[in-house]
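S.K.: Okay, structure incoming, though there's no sequence with it:
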């Protein structure tokens, strides 16, 4: 029984990070109308950049998070106009061409990482590595608790930004109707770029933490892309609130599969659940904001 | 995106010739053909139909593994037999997977296919029969030169097949219609589910055999390798990716058999990704200049003697016009009801339409008029009630079945096929009807609706009014018995309105029945025999214009209680 509770607890802790991962992704989708296939690669790059920064400066990765945020935010801000250009082009089905585009970006990131850094796994160690919180028969690794705390803080700030600031209002307007937003004087391109930057920065930070909790290789990108898709599909594309729940569902599912089925099969199980939920609920499980 | 692009075709041919000049022992050139063929096959579903699939590597792998397992020690099948079975396996899996997956739209479809492909990859890594992560090893089967030419032949064959099959055929038009506007395609009689599935299975089967030759030459199957192959599929464009991919990608590989090593393949993947991106970025949606109008494909048996003037019904129409003396209604709607969440859009609507009547439907915005049309044309399923057309209960029928029965409709927001020219839009309407006479008919309609000047212009470049005209033309191409016009004159110039009305009256004389949603009272008064007034999803009045204009409920609905 304690194993079960422990597993659930682990799952919930990780779920927090998955929520942080997916919420940026969901926002980028809502505002830019882009399903970013490269989301997992941002995580992977975040892990690597975090690793190298930690190696070179020796600063604890938790303290490096703001630097990573700024770095990745900048990169995202620069990349966003390209993505928007494909998205608003005159192809047949530009919303799908941009999918292929981001898929290409993902390939570049992965290939580039492999070329530059090879196969070896890197992982970051933090000061919290050794700590464990004990209580009620279960042990919670301090690192994961801290990461969970970070995720909570990030998501909280995120919602604050979205619902309590002027910028957030503009973002929501752009997400609902770009044309009308322009008529209100909102610079849609700039808002979109900033949202993408925010998403990239947040996802990069998640990557650093993933590198600390697990490790990072150029191959992990696919895994996190899968997780982001899983959460967003379960929540219903466009439903930010549903992401909160779906993230935890994913974490728990992953933990349960790893413990009770097999570690190597977690990937397969998550994929299978994703595929089945798409097939069985083509309208989305929760309220669907947009198809 | 996937129209004939002569420059690309030319480049493709050139590069094939260039590499064909010197078949060497390098594995690079056959790999080029492999990717060429893969891209071609993928294009059927991804480019033409607009269903971007990230899962085709799975079919490649399934076919490859099926053949490989059958050729191994356990079964020992000869190559030809294994080839056939491999193709069949891939096709069968595609049919099974395609059926549920193709119900998804857009991004969901892409994600689902990607998930499927990754699942297959994981399975291949795990199962013993596929050799796990180490893959299968097979003895080399073919001499290299022979192999090279086989691959070349295979690529040319695939390419040729795709070209013939898709570029100017009805199948190609169907696919493009699905890509541009699936619902509109359905209302033109196209069975989108079946067509999509056909395309899916065709592209999956195509992925198989010849391309597995490469694996055979490498005599090593690896799950990762197979997945990479799938990911190398660049995108829908015919020639460009291959053109770029050839010199950069394969030349990274050593000339000997070093196939499965990821460090070699990864940079290639990167370059392909680069090409993917570069292509998407710099190819700004350029479309080939539209074809000269005239012969779409099948022998145009146009006989000058058959030329007609005006929009009279084409010969050979399948729909019989009921005699004017028929007393049974053409269309009967009973107790129709449709809710969206908490909103009741259509609430127990009941009416009948006699043959050759022009019935107008008016009402304030949001009264359920367009929803009613959606219900009748099958785009939406009613929650309750029945729709009977020519004595047949068509409630719950799919849009394409209803369209083939003889009901045509236009949309309130023009649903033209955006990437096709006006000419192609009209032709597409005849894909499930009289294809042989379509060009003639299209010419007539273009002239009639004064769209001559824009026949080769992309539909999304037309003005709103022109798109409305084009939609009307599209409906008329099929000669339906019952036509539902949803605000067809909105945004159209007054002189053209007169033309449209003349067309409607002329068609009515020839036996067509009309249901017309309009806001222009004058138009309604002069055109319609009978008028239904809707408000809040119900028919609140019915009768001639004079009758409904004096009806207190109608006045209240439009002008408010105090006035009435």
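M.R.: Happy to help now that I have it. Values in this document were obtained by computation on a predicted structure and should not be read as measured data.
S.K.: by contact count, what packs against the helix or strand containing residue A:7?
M.R.: Using DSSP states H and E, the element containing residue A:7 is helix A:2-32. Secondary-structure packing of helix A:2-32 (3 or more CB pairs under 8 Å, 6 or more residues apart in numbering or on different chains; DSSP states H and E): helix A:39-57, helix A:61-87, strand A:138-141, helix A:142-164, helix A:166-176, helix A:188-213, helix A:220-235, helix A:240-256. (Glycine included, C-beta is placed from N, CA and C.)
S.K.: Next, work out how far apart the closest residue to chain B within chain A and residue A:33 are.
M.R.: Using CB to the nearest CB, the closest approach of chain A to chain B is made by residue A:111 at 2.5 Å. Applying CB to CB, to the nearest Å, one obtains 27 Å for the distance of residue A:111 from residue A:33.
S.K.: What is the least confident helix or strand in chain B?
M.R.: Least confident helix or strand of chain B, by mean pLDDT, DSSP states H and E, is helix B:240-248 with a mean of 26.
S.K.: no no, chain A
M.R.: Lowest mean confidence among the helices and strands of chain A (mean pLDDT, DSSP H and E): strand A:132-135, at a mean of 76.
S.K.: what sits up against that strand?
M.R.: Contacts of strand A:132-135 with the rest of the structure, by CB atoms under 8 Å, 6 or more residues apart in numbering or on different chains, involve A:139, A:140, A:141, A:142, A:145.
S.K.: Just the strands from chain B, written as ranges.
M.R.: Here chain B has its strands, by DSSP state E, at B:136-137, B:220-221, B:331-340, B:343-353, B:358-362, B:384-389, B:392-393, B:407-409, B:482-486, B:513-517, B:530-535, B:538-543.
S.K.: Could you dump those strands into JSON lines with distance to chain A and mean neighbour count added?
M.R.: JSON lines is the format used below for the strands of chain B (distance: least, CB to the nearest CB, whole Å; neighbours: other CB atoms under 10 Å in any protein chain shown):
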{"stretch": "strand B:136-137", "distance to chain A": "20", "mean neighbour count": "18"}
{"stretch": "strand B:220-221", "distance to chain A": "19", "mean neighbour count": "22"}
{"stretch": "strand B:331-340", "distance to chain A": "13", "mean neighbour count": "18"}
{"stretch": "strand B:343-353", "distance to chain A": "16", "mean neighbour count": "18"}
{"stretch": "strand B:358-362", "distance to chain A": "29", "mean neighbour count": "23"}
{"stretch": "strand B:384-389", "distance to chain A": "21", "mean neighbour count": "18"}
{"stretch": "strand B:392-393", "distance to chain A": "27", "mean neighbour count": "11"}
{"stretch": "strand B:407-409", "distance to chain A": "22", "mean neighbour count": "28"}
{"stretch": "strand B:482-486", "distance to chain A": "22", "mean neighbour count": "25"}
{"stretch": "strand B:513-517", "distance to chain A": "25", "mean neighbour count": "24"}
{"stretch": "strand B:530-535", "distance to chain A": "28", "mean neighbour count": "22"}
{"stretch": "strand B:538-543", "distance to chain A": "28", "mean neighbour count": "18"}
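S.K.: coming back round to it: direction included, what does the least confident helix or strand of chain A pair up with?
M.R.: strand A:138-141 (antiparallel) (DSSP bridges).
S.K.: and the one residue in the stretch 351-500 of chain B that gets nearest to chain A, how many residues sit next to it?
M.R.: Nearest residue of the stretch 351-500 of chain B to chain A, counting by CB to the nearest CB: residue B:419, 4.4 Å away. Neighbour count for residue B:419, taken as other CB atoms under 10 Å in any protein chain shown: 23.
S.K.: Can you point out the buried residues in stretch A:98-118?
M.R.: Using 16 or more other CB atoms under 10 Å in any protein chain shown as the test for burial, stretch A:98-118 gives A:98-114.
S.K.: right, I mislabeled it, should have said stretch A:207-226
M.R.: Of all the residues in stretch A:207-226, those buried under the rule 16+ other CB under 10 Å are A:207-213, A:216-226.
S.K.: How far does that stretch stretch from one end to the other?
M.R.: 14 Å (CA to CA, to the nearest Å).
S.K.: Residue B:555 versus residue B:405, what's the distance?
M.R.: Residue B:405 sits 38 Å away from residue B:555, going by CB to CB.
S.K.: Look at those two and report which has more neighbours.
M.R.: The residue with more neighbours, out of residue B:405 and residue B:555, is residue B:405; 19 against 16, by other CB under 10 Å.
S.K.: Surely residue B:370 touches residue B:515?
M.R.: No: using CB atoms under 8 Å, residue B:370 is not in contact with residue B:515, being 11.6 Å away.
S.K.: that older thread, is the residue of the stretch 351-500 of chain B closest to chain A in contact with residue B:181, as I believe?
M.R.: No: if you go by CB under 8 Å, residue B:419 and residue B:181 don't touch, sitting 10.0 Å apart.
S.K.: anything in contact with each of these two?
M.R.: Going by CB under 8 Å, 6+ apart, no residue sits against residue B:419 while also sitting against residue B:181.
S.K.: Quick one: name the residues of the stretch 1-150 of chain A near chain B.
M.R.: Within the stretch 1-150 of chain A, the positions lying close to chain B (CB under 8 Å from any CB of the partner chain) are A:35, A:82, A:85-86, A:89-93, A:95-101, A:103-108, A:110-112, A:114-115, A:118-119.
S.K.: which intervals of the chain have sub-threshold pLDDT?
M.R.: All of this refers to chain A. For chain A, the stretches with pLDDT under 70 are A:92, A:129-130, A:237-238, A:282-291.
S.K.: meant chain B actually
M.R.: Residue ranges of chain B with pLDDT under 70: B:1-31, B:73, B:130-144, B:147, B:206-326, B:561-564.
S.K.: Other residues contacting stretch B:457-470?
M.R.: With contact meaning CB under 8 Å, 6+ apart, stretch B:457-470 is reached by A:90, B:287, B:410, B:414, B:416-422, B:425-426, B:449-451, B:454, B:488-493, B:496, B:500.
S.K.: In helices, which of these appear?
M.R.: If you go by DSSP state H, the contacts of stretch B:457-470 have B:422, B:425, B:426, B:496, B:500 in helices.
S.K.: Format those residues as TSV; extra columns: neighbour count and distance to chain A.
M.R.: TSV is the format used below for the ones in helices among the contacts of stretch B:457-470 (neighbours: other CB atoms under 10 Å in any protein chain shown; distance: CB to the nearest CB, whole Å):
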residue	neighbour count	distance to chain A
B:422	32	16
B:425	30	14
B:426	27	18
B:496	16	27
B:500	20	29
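S.K.: Let me know the closest of those residues to residue B:48.
M.R.: Nearest to residue B:48 among those is residue B:425, at 16.2 Å by CB to CB.
S.K.: Might you report the residue contacts of the closest one?
M.R.: Contacts of residue B:425 (CB under 8 Å, 6+ apart): B:416, B:417, B:459, B:470, B:473, B:474.
S.K.: ok, these vs residue A:124, which is closest?
M.R.: Closest approach between the contacts of residue B:425 and residue A:124, by CB to CB: residue B:417, at 52.7 Å.
S.K.: Not counting residues beside it along the chain, what's closest to that closest one?
M.R.: Leaving aside its sequence neighbours, residue B:417 sits nearest to residue B:180 (CB to CB, 6 or more residues apart in numbering or on different chains; 3.8 Å).
S.K.: Over to residue B:360?
M.R.: Using CB to CB, 6+ apart, the nearest residue to residue B:360 is residue B:528, at 3.5 Å.
S.K.: these two touch, right, residue B:83 and residue B:67?
M.R.: Yes: because the distance of 6.1 Å satisfies CB under 8 Å, residue B:83 is recorded as touching residue B:67.
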